[in-house]
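**Student:** sequence below, structure please.
(chains A, B and C)
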Amino acid sequence: MNQLKGNNPGRRTILVCCGTGCLANGSAAVYEALCDALKGNDKFEVETLAKATGCNGLCEKGPLVKILPDDITYCKVKAEDVPEIVEKTLQQGELVQRLLFRDPATKKYYKSHHETNFYKKQHKLALRNIGEIDPSSVQDYLDRDGYQALEKAVKRMSPAEVIEEVLKSGLRGRGGGGFPTGLKWKACAAVDNPPRYVICNGDEGDPGAFMDRSILEGDPHTVIEGMIICAYAISASKGFIYVRDEYDLAVKNLTKAIENARERGYLGKNILDSELSFDIELVRGGGAFVCGEETALINSIQGNVGEPWDKYVYPAEKGLWGQPTVINNVETWANIPVIINDGAAKFASIGTEGSKGTKVFSLVGKVVNTGLVEVPMGTTLREIIFDIGGGIQKGRQFKAVQTGGPSGGCIPESLLDLPVDFDTLTQAGSMMGSGGMIVMDDRTCMVEVARYYVNFLAEESCGKCVPCREGISFLLETLTRICEGKGKLEDLDLLESMSCTIQQAALCALGRTAPNPVLSTLKYFRDEYLEHINNHRCPAGICKELTEFYVDEKLCTGCGRCRRNCPADAITGEKKKAHTIDPEKCIKCGECIDNCKFQAVKVK
Amino acid sequence: MAVNSEQTADRKAMGKIINRYPPERRYILAIMQDLQKQFNYLPKDALQMTAEYVNTPMSVVYSMATFYKAFSLVPKGRVVLKTCDGTACHIKGSNIIIDEIYKTLGIRPGETTADGDFSLETVNCLGACALAPVLVANDRVYPKVTPASLREIIEENRGRRDESTERE
Amino acid sequence: MKVTIDGKKIEAKLGETILEAAVRAGVEIPNLCYIEAFGGQGVCRMCMVEVKDGEQKRLVASCTYPITGEIEVQTNTPELQEIRRNIITLLYRRAPNSDFMKKLYQEYVCPAVEVVDPAEKCIMCRLCVKACEKVGAFAISTIMRGTEKRVATPFDEASPSCIGCGACAEICPTGAITVKEENGKQEIWHKSFEMSRCEICGNYYSTLPVKEHVKEQLDNEVSGENLCPSCRRKKLAGDLAKFSIK
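**Tutor:** Numbering: from 1, shown residues only, chains lettered A, B, ... in the order given. Model (predicted):
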């Protein structure tokens, strides 16, 4: 960004985050208000330009507006704030303090988001351009070394050298499996049976994860460039990007990016005057979580129901239409240009012994700073949740962090100092998955969380094989009974035995990992199961049948906050006197307990 | 008569969508997505035309139409309420929102009100986890929904129920 | 190449599945969704076996795992026994009304479970769908997904492509597909068919569309006679006898 300053000192760029999170908070109106304000305004001595960018990560504080080259970040900007920003900051060079990022712990204001803990500890490779460029502009991408890696690969490296570079980088698949990317490419290139295909798996369906969406929306060209480099390395002629149709903005930005890449000669015949001819087709997914599984995704592209098949022969050998196919996840593709540009050695210098580079996590749940974070492999859970994430909301107690999507596991406080990589998470009974990280506090019931994930998988299982279809149905029924207070002690043994069968016998990775939420909560939070079964009590106050809230008279100050928040009018009490909850009227929504500043609302 | 001309017009629109793609099996998904967008559900006629066009058995097309969550075989309400039940939304009380919608409108996920005003769906994640719990009414996103704000959202949307049909 | 199954050395062809090799060698591996003519589906997972490839041990479905090297296979370890018992338990829980599953549930000494629907018989082995495909009718398919998945005709209505051949019901291991036959009519999958009557014995033996279908498939080379299989055999034998006397 210093470049901008040097080249054009009078020019200012205003970036408005238009990622999904900020859009939901009204950033489109802010963008329009800015454009209007800047258009007819001749008071400016500087040339000013407003741009809509992809997601900055800190969705919690959106809409975000960044002013360059001053490097000012304004948070939670509304259209009404625009005149003040224009007048004070753009015309008089002053800061609008109330819009600056304020650290809730130190109460300090920060001029730039780069100074905050949320960004300081991050290391952006896959997300390097997001929030910095207008994703609909290929020129913006080119200005930040876009398509340089492709040029380097095609003009100065042999296909074998490209594969060797990816192998040496130690890059492992970011979609969940963690299979070495270079090996996949090498195996595919070795099968003498053209045509070969390249696929980008953008069927992100994990509840609570949105890194792929953010990359596809905010920096579509990096994915396209990664795929073209692979096509060169394995001599593929055709590529497919499979993306969730619900991701409107991603579909729109990708469509435009593919067109622009064609216009510029990065896609099509004789790319950069080489022998390479390659084009990419966009396939919109039909909404099936299982299509994140490679073989199910391939079936879906072929015009079938998205059911997986036994992968005893890898898609690298027999994939799309039976041909050799490389299929990688969005984030994996986004890393390829970085590896080729900066070299494998530099990439491999980041991370741990077995897991190189960085990983993007979607840090959500009961954490202060929710958003996308990219950190070197090996960063501890504590650093991610407490240093970057700012700890638990409302000062409550940390209970667990769930990683790896619906079929990941819940990790307890005792393992918070675990350095996060592919292998450590698996050892802890969870997994990396595609990078969902959901923080849970003492108001999260671990039995109910297990039930929630199993319920999700019951709907999302393709239903092909017995262990997954019937096994998950069994787990769900049993967990639901426990949540309703009808569980028996024997249930726990059968839960474990069935879980084991599902892990060993299910056809695909979705099925084999489906019992993880059950097994990990049984391992680390067995007490909560026993409390539900033996004492018919849900300690977190979540399972409705087992919950009754009451007000502790000694702690209640009679502030009336709970009474005003209660949607069921179940709370009564005079000002400055202890309130009471009518259990008959109470709908157990938890608004009172979550909003009480004096911890006076308790679970019976 | 009116019904007949409406049917003919519909069939014409279906044909137009289907013909945008080459007659190959792999375009079934794309065709169905476009049909769903146009009609808000997959009419039986449209599925039959698709099956014939791509020369694939109807049982296969029907199998796909019921497998993928993007498709509906019955018409949806004028306003489709989508509650996000992704993990972030779930642990922040999306099930309470779903319960409240049932109390107010009498519909559960996958159902439509008798007057055809509202449909309720749950989606796994809208990717707006920082704003949990999230509700989407047609294309409008409502962040951090509470039982109280939900009632306002429903009232607000009763007024705009015809917007979606006008837009087409 | 040589593979070992339960200590027995057998000769296997490159690319054939473990189950195929085992069947040839007379080694039994339990399965519920396998028929040689259809190939392995990988659906029921009863045929899971333990494969030792070099130092690496793993559990695989024997009906889909292709043999590409010299491997050692175990088909009945305690681990596999527990998997099979659990699979039978799960399938009985789903289809408790089938005698077939009741019997297996007893044989495998399964734990007590609450059944889902006491009237259900289908275990979703999909053999019926495969059979329908083989016949060339494509009238039924799996619909929905996850725990809701089931076999049906489109819209649960009579399918124009169903010829009432009954191959689906014939192959079903649990008797889950109902075929009603009365007064010269056969009802299956919401559709009623006129039956064809044998010219000689007068028994109903096939639906009319099946006759048409067979005729089409065989390029009309079959004579137009209306004969049931048993009368046809008798007649053919008679014709041949005449021929040999000459």
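**Student:** isn't residue B:11 right next to residue B:48, touching?
**Tutor:** No. The criterion here is C-beta atoms under 8 Å, and residue B:11 misses it with residue B:48 at 10.4 Å. (Each C-beta comes from the backbone N, C-alpha and C, glycine too.)
**Student:** quick one: the helices in chain C, in order.
**Tutor:** Using DSSP state H, the helices of chain C run over C:18-25, C:78-94, C:99-107, C:127-135, C:167-171, C:208-217, C:229-245.
**Student:** next: chain B.
**Tutor:** Secondary structure of chain B (DSSP H): helices at B:2-18, B:28-39, B:44-53, B:58-67, B:87-91, B:94-105, B:147-159, B:163-167.
**Student:** pick out the shakiest of those, pLDDT-wise.
**Tutor:** Note on the helices of chain B: helix B:163-167 shows the lowest mean pLDDT, a mean of 42.
**Student:** tell me which of the helices of chain B sits most buried.
**Tutor:** helix B:87-91 (a mean of 30; mean count of other C-beta atoms under 10 Å in any protein chain shown).
**Student:** gap between that helix and the chain center?
**Tutor:** Computed by C-alpha atoms, centre = their mean, to the nearest Å, the chain-centroid distance of helix B:87-91 equals 22 Å.
**Student:** same question, stretch A:429-443
**Tutor:** How far stretch A:429-443 lies from its chain's middle: 11 Å, per C-alpha atoms, centre = their mean.
**Student:** what do you get for stretch A:60-79?
**Tutor:** Worked out by C-alpha atoms, centre = their mean, stretch A:60-79 lies 22 Å from the chain centre.
**Student:** name the residues of that stretch that are buried.
**Tutor:** Buried residues in stretch A:60-79, counted by 16 or more other C-beta atoms under 10 Å in any protein chain shown: A:60-70, A:72-77, A:79.
**Student:** would you map the strands across the stretch 201-350 of chain A?
**Tutor:** Remark: strands assigned in the stretch 201-350 of chain A by DSSP state E, counting those that start in this stretch are A:238-244, A:279-285, A:325-329.
**Student:** pick the most buried one from those.
**Tutor:** Highest mean neighbour count among these (mean count of other C-beta under 10 Å): strand A:325-329, with a mean of 27.
**Student:** which other helices and strands contact that strand?
**Tutor:** Of the remaining helices and strands, those touching strand A:325-329 by 3 or more C-beta pairs under 8 Å, 6 or more residues apart in numbering or on different chains; DSSP states H and E are helix A:181-190, strand A:197-202, helix A:220-234, helix A:294-301.
**Student:** chain C is nearest to which of these?
**Tutor:** Among the helices and strands packed on strand A:325-329, the nearest to chain C by C-beta to the nearest C-beta is helix A:294-301 (10.8 Å).
**Student:** is the closest one up against chain C anywhere?
**Tutor:** No. Using C-beta under 8 Å from any C-beta of the partner chain, we find that helix A:294-301 stays clear of chain C, coming within 10.8 Å at best.
**Student:** what's the angle from that helix to strand A:238-244?
**Tutor:** 100 degrees (axes from the mean of the first three to the mean of the last three C-alpha atoms, to 10 degrees).
**Student:** circling back: show me which of the buried residues of stretch A:60-79 neighbour chain B.
**Tutor:** Among those, chain B is touched by A:60, A:62 when using C-beta under 8 Å from any C-beta.
**Student:** returning to that earlier point: and the strands of the stretch 201-350 of chain A as a markdown table, adding mean pLDDT?
**Tutor:** Output for these, formatted as a markdown table (pLDDT from 0 to 100):
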| stretch | mean pLDDT |
| --- | --- |
| strand A:238-244 | 96 |
| strand A:279-285 | 97 |
| strand A:325-329 | 97 |
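**Student:** of all these, which one is nearest residue C:188?
**Tutor:** Of all these, it is strand A:279-285 that lies closest to residue C:188, at 35.7 Å by C-beta to C-beta.
**Student:** enumerate the residues of chain C near chain A.
**Tutor:** C:42-46, C:48, C:59-61, C:64-66, C:79, C:82-83, C:86-87, C:90-91, C:93-94, C:111, C:113-114, C:116, C:123-124, C:142, C:144-149.
**Student:** give me the phi and psi for residue A:572.
**Tutor:** Main-chain torsions, residue A:572, degrees, to the nearest 10: phi -130, psi 160.
**Student:** I'd like to know how far it sits from residue A:425.
**Tutor:** According to C-beta to C-beta, to the nearest Å, residue A:572 stands 48 Å off from residue A:425.
**Student:** okay, these two: which has more neighbours?
**Tutor:** Legend: neighbour count by other C-beta atoms under 10 Å in any protein chain shown for residue A:572 and residue A:425, higher for residue A:425 (24 against 12).
**Student:** for stretch A:264-281, which residues meet the burial criterion?
**Tutor:** Result for stretch A:264-281 [16+ other C-beta under 10 Å]: buried residues A:266-267, A:271-272, A:276, A:278-280.
**Student:** and which of those is nearest to chain C?
**Tutor:** After measuring those against chain C - C-beta to the nearest C-beta - the closest member comes out as residue A:280, at 28.5 Å.
**Student:** which residues touch the nearest residue to residue B:102 once chain neighbours are set aside?
**Tutor:** Closest residue to residue B:102 apart from its sequence neighbours, by C-beta to C-beta, 6 or more residues apart in numbering or on different chains: residue B:108 at 5.7 Å. The contact partners of residue B:108, taken as C-beta atoms under 8 Å, 6 or more residues apart in numbering or on different chains, are B:98, B:102, B:120.
**Student:** where in the chain is pLDDT low?
**Tutor:** The chain I'm using is chain A. A:1-10, A:40-50, A:54-55 (pLDDT under 70).
**Student:** oops, I was thinking of chain C
**Tutor:** Along chain C, the model assigns pLDDT under 70 to residues C:219-224, C:243-246.
**Student:** and residue A:566, how many neighbours?
**Tutor:** Neighbours of residue A:566 (other C-beta under 10 Å): 23.
**Student:** who in the stretch 501-604 of chain A is up against chain C?
**Tutor:** Counting by C-beta under 8 Å from any C-beta, the stretch 501-604 of chain A sits next to chain C at A:501, A:504-507.
**Student:** swap in 10 Å and give it another go.
**Tutor:** Applying C-beta under 10 Å from any C-beta of the partner chain, one finds that the stretch 501-604 of chain A approaches chain C through A:501-508, A:511.
**Student:** go on, chain B?
**Tutor:** By C-beta under 10 Å from any C-beta, the part of chain B that sits against chain C consists of B:44, B:47-48, B:51, B:56-69, B:73.
**Student:** the residues of chain C next to chain A in strands, which ones?
**Tutor:** Within those, residues falling in strands by DSSP state E are C:48, C:59-61, C:142.
**Student:** and the residue in the stretch 201-350 of chain A that chain B sits nearest to, what does it touch?
**Tutor:** Of all residues in the stretch 201-350 of chain A, residue A:286 sits closest to chain B, at 2.9 Å by C-beta to the nearest C-beta. With contact set as C-beta atoms under 10 Å, 6 or more residues apart in numbering or on different chains, residue A:286 has these partners: A:203, A:244-245, A:300, A:305-306, B:28-30, B:32-33, B:36, B:64-65, B:67-71.
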